[in-house]
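*Asks:* Sharing a model prediction with you, sequence too.
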Amino acid sequence: MYLKRKLLLIFLITLPGVSGETVENGHCAASRKMDEQCSRYCYKIVKPLLQYAASVQSKESQFGELTSRNQNHEATIKSLEDQLQLSKSQQHFCLTKDELFDKIESAIVTKNDNIERLIKELKNIDAKDDGNVMIKELEKKIKELTHETVTQNMHAEDLNAELRKKDAEILSLKSRNIEYAAKIKQLEGNVEAKDDIMTSCRGRGTGIFKIQVTCSKPFEVSCDSSLADSGWTVIQRRQDGSENFNRTMSDYRSGFGTLTNEFFLGLDKIYFLTSSKQHELYIYLKDFNNEVRYAKYTNFSIGAQEENFELKSLGVYSGTAGDSMASNLNMQFSTTDKDHDSLTKIHCAQSCGSGWWFKGCGYSFLNGIYRRVAESKQKQGIEWHTWKLDSLKYVQMMIRPVD
Ligand SMILES: *[C@@H]1O[C@H](CO)[C@@H](O)[C@H](O)[C@H]1NC(C)=O
Ligand SMILES: *[C@@H]1O[C@H](CO)[C@@H](O)[C@H](O)[C@H]1NC(C)=O
């Protein structure tokens, strides 16, 4: 195509009375000089052709500009997509089929909306494009000239086709530009929204805050920065016996209690949190003499509902209360209505009156019955046997993402 155009330009500038300079000088200058130099015949035939040539050149530069603008857009989109990559890659494992279906459906609706809007904008561009009006006028003129000289006409049609092709390319570039601009805006919105939603208690003090993990809906949590440095998400608290912890699997799964007082966050949420990122676990313990001890684990995570919320990992223990959780590792969660412990004759959850990762039954009983005084060897109280067998006054379990 380029070669063809070059040949045509050579043909044009070798016509009598038209110098090469005229063509190079651009559209306006060309027409003035041509008016001076051309005979009547020459004027009628050549001027439209020269206008075409100039028009092709201007389209060419528009084309180049649009292409480079699109390349910039592509780079921006890629970098925004990279920023979103992590959250996107984590967005599917916790979706139910219904939620996935809803998501796909809304994506299709958005796509349709986008297409409709693009078509509208394209129509606008079409209407506004002065170049198109000029082309139509020129097409008319070319048709008038057809009977005068067949050779000229052939060249003109060549040029006309090239011009049309350029025009189509420019239109498609323009529409891609609009599409890209819309996409960039949307991606920027996503990145912003992502930054706005907290995914943990990091950077917050002590109190109730909203967080969101991967694709879960935002939910409220109790954040604590008062008991053991900062940024902990509380998953369980016992302090006055106001809440009943002898509950069914369904209750333990969704969570219960009051975030400002006694509560269990819920196994689903603990699973979402600990499976999305490595978390450390901090267990704060206080006895009825107000003595405080703690146990810390570097890599706390539990399985999903299909795995009965198995205690998958604890990592490395450190602390002052001893490691009473070790025997619970790899045990599934048991409740009064779901017996997943390792004993056949004893139902640990029922006899201890609590939900826990019971083995047979183990050394830690942090969801046990709340006792108002230290009672020894109750087997039902809130206990941590590597420290003492007496029931405890205050317990708080907290988790925090590890960098
Ligand atoms: C943490 O535990 C999970 C198993 O739940 C394991 O896949 C991961 O490698 C562990 N991470 C570290 C740092 O030990
Ligand atoms: C816990 O609740 C179950 C079912 O309601 C009951 O059978 C069990 O005795 C209770 N355990 C305690 C220790 O209160």
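*Replies:* Structure received. Ligands and ions are numbered 1, 2, ... in the order given.

*Asks:* how about the strands of the protein, start to end?
*Replies:* Per DSSP state E, the chain carries strands over the ranges 207-211, 219-224, 232-238, 256-257, 263-264, 279-286, 292-297, 301-302, 311-313, 317-319, 364-365, 383-384, 394-401.

*Asks:* do the fourth one and ligand 2 meet at all?
*Replies:* Looking back up the chat, that one is strand 256-257. No. With C-beta under 6 Å from any ligand atom as the threshold, strand 256-257 lies outside contact range of ligand 2, at a closest distance of 14.0 Å. Every C-beta, even on glycine, is put in place using the N, C-alpha and C of the backbone.

*Asks:* sorry, back to before: turn the strands of the chain into JSON lines, including distance to ligand 1 and mean pLDDT.
*Replies:* Shown next, in JSON lines, are the strands of the chain (distance: least, C-beta to the nearest ligand atom, whole Å; pLDDT from 0 to 100):
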{"stretch": "strand 207-211", "distance to ligand 1": "21", "mean pLDDT": "91"}
{"stretch": "strand 219-224", "distance to ligand 1": "21", "mean pLDDT": "93"}
{"stretch": "strand 232-238", "distance to ligand 1": "16", "mean pLDDT": "97"}
{"stretch": "strand 256-257", "distance to ligand 1": "25", "mean pLDDT": "97"}
{"stretch": "strand 263-264", "distance to ligand 1": "21", "mean pLDDT": "98"}
{"stretch": "strand 279-286", "distance to ligand 1": "9", "mean pLDDT": "97"}
{"stretch": "strand 292-297", "distance to ligand 1": "10", "mean pLDDT": "98"}
{"stretch": "strand 301-302", "distance to ligand 1": "4", "mean pLDDT": "97"}
{"stretch": "strand 311-313", "distance to ligand 1": "4", "mean pLDDT": "97"}
{"stretch": "strand 317-319", "distance to ligand 1": "13", "mean pLDDT": "97"}
{"stretch": "strand 364-365", "distance to ligand 1": "19", "mean pLDDT": "94"}
{"stretch": "strand 383-384", "distance to ligand 1": "23", "mean pLDDT": "94"}
{"stretch": "strand 394-401", "distance to ligand 1": "12", "mean pLDDT": "97"}
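
*Asks:* Can you give the domain ranges for the protein?
*Replies:* Using the TED database, the domain parsing of the chain gives 46-102, 207-401.

*Asks:* between those, which gets nearest to residue 172?
*Replies:* Across the domains of the chain, residue 172 has its closest neighbour in domain 46-102 (9.4 Å, C-beta to C-beta).

*Asks:* how near is the closest residue to residue 67 other than its chain neighbours to residue 79?
*Replies:* Using C-beta to C-beta, 6 or more residues apart in numbering and skipping the chain neighbours, the partner closest in space to residue 67 is residue 173 (6.5 Å). Residue 173 sits 21 Å away from residue 79, going by C-beta to C-beta, to the nearest Å.

*Asks:* Would you agree the residue nearest to residue 67 is in contact with residue 63?
*Replies:* Yes. With contact defined as C-beta atoms under 8 Å, residue 173 and residue 63 form a contacting pair (6.8 Å).

*Asks:* residues from this structure in reach of ligand 2?
*Replies:* Contact residues (C-beta under 6 Å from any ligand atom) of the chain with ligand 2: 246, 336, 350, 353, 369, 380.

*Asks:* give the contact list for the last one.
*Replies:* The contact partners of residue 380, taken as C-beta atoms under 8 Å, 6 or more residues apart in numbering, are 351, 352, 353, 354, 365, 368, 369.

*Asks:* of those residues, closest to residue 385?
*Replies:* Within the contacts of residue 380, the smallest distance to residue 385 is 8.1 Å, found for residue 365 (C-beta to C-beta).

*Asks:* so what's the closest residue to the closest one other than its chain neighbours up against?
*Replies:* Distances taken as C-beta to C-beta, 6+ apart put residue 383 closest to residue 365, at 4.4 Å, once the chain neighbours are dropped. The contact partners of residue 383, by C-beta under 8 Å, 6+ apart, come to 364, 365, 366, 368, 389, 390, 391, 392.
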